[in-house]
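>>> this is the structure alone, sequence omitted:
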């Protein structure tokens with residue numbers, strides 16, 4: 001039996017797609033904490049959003065923000081560090097791409113050729129209308145540091161063309177649940193998961209088993225690279241298909257209820273429950 005590491009998406013996975021509630025998952029989440037199994041949040045959300053949510057969850061583990069653009073490592077965990085990390089108060093920060101302003105400067109040059117609306121063009125009221133978030137949470141969502149979400153209003157072909165155009169500049173476009181995200185080409189949930197897994201492996205001095213749970217297109221890379229891949233059933237779209245994986249679990253229940261079922265199953269298979 002190896003050490004288990006859990007990497008979880010938030011919206012539509014640990015959090016309900018419509019209500020953002022995590023109530024059905026609390027018992028399973030607490031079980032991980034009791035068993036000292038790290039649960040790393042791997043999300044498109046911002047640092048500001050995660051700081052608030054972690055307080056509600058009682059979350060003490062590392063977290064990955066803005067679709068793999070950066071990792072925050074709580075200093076109290078004593079995980080191995082190196083010169084690539086920045087001091088960020090209570091955390092060590094590992095970033096994988098350019099800052100948000102550099103991305104905004106690049107995408108603004110494309111406005112004449114493509115139809116889209118970036119977060120920097122929106123007011124908090126627009127984000128509330130698009131997401132159903134409260135005013136306070138919408139303002140937290142807008143405090144981005146490493147990525148720029150967009151509402152894509154053009155064709156799929158145009159999006160592919162934009163991606164090719166930006167690739168030369170070291171930037172990629174990634175489709176998420178509600179938004180299309182602009183980010184550095186080295187930013188993705190899978191890369192961040194693997195980087196952090198190596199840190200834990202070095203810390204434990206033994207092998208780790210990675211378990212990833214997600215429901216959206218931007219989770220496919222993370223799920224494809226995990227030892228245990230869990231597709232969370234969604235109330236708004238068909239289940240994800242993970243390329244070259246016929247061993248992925250698909251939950252029966254939606255969102256956090258499905259999340260809890262998968263965690264219970266994993267703990268049982270590990271011989272823990």
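Right, received. Where do you want to start? None of these values were measured; they are calculated from a predicted model.
>>> the helices in the chain, which residues?
Counting by DSSP state H, the chain has helices at residues 26-34, 47-57, 100-108, 124-131, 135-141, 156-167, 189-204, 220-225, 255-269.
>>> CSV for those, including mean neighbour count and mean pLDDT?
Just so you know, the C-beta spots here come from the backbone N, C-alpha and C atoms, and that holds for glycine as well. Putting those into CSV (neighbours: other CB atoms under 10 Å; pLDDT from 0 to 100) gives the following:
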stretch, mean neighbour count, mean pLDDT
helix 26-34, 15, 96
helix 47-57, 16, 95
helix 100-108, 17, 94
helix 124-131, 16, 93
helix 135-141, 17, 93
helix 156-167, 14, 94
helix 189-204, 19, 97
helix 220-225, 22, 96
helix 255-269, 21, 96
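>>> closest one to residue 68 among those?
helix 189-204 (4.0 Å; CB to CB).
>>> what does that closest one contact?
Residues from elsewhere that reach helix 189-204 (CB atoms under 8 Å, 6 or more residues apart in numbering): 3, 5, 7, 9, 38, 40, 42, 62, 64, 67-68, 70-71, 73, 78-80, 94, 96, 207-208, 210, 212, 214, 218-219, 221-222, 224-226.
>>> how close does residue 114 get to residue 150?
9 Å (CB to CB, to the nearest Å).
>>> higher neighbour count, these two?
residue 150 (22 against 17; other CB atoms under 10 Å).
>>> ok so, going back, which among the contacts of helix 189-204 count as buried?
Those of these that meet the buried threshold are 3, 5, 7, 9, 38, 40, 42, 62, 64, 67-68, 70-71, 73, 79, 94, 96, 208, 210, 212, 214, 218-219, 221-222, 224-226, by 16 or more other CB atoms under 10 Å.
>>> beta partners of residue 87?
Counting by DSSP bridges, residue 87 is bridged to residue 92.
>>> list the contacts for residue 5?
37, 38, 40, 196, 197, 200, 208, 209, 210, 211.
>>> what's the closest of those residues to residue 143?
Among those, and counting by CB to CB, the member closest to residue 143 is residue 40, at 21.0 Å.
>>> hmm, the closest one is touching residue 4, no?
No - using CB atoms under 8 Å, residue 40 makes no contact with residue 4, being 11.4 Å away.
>>> tell me the domain ranges of this structure?
Here the domain parsing of the chain from automatic domain parsing is 3-96+188-269, 100-184.
>>> would you agree residue 24 is in contact with residue 256?
Yes - in this structure residue 24 lies within contact range of residue 256 using CB under 8 Å: 4.3 Å.
>>> which residues does residue 228 bridge with?
residue 211.
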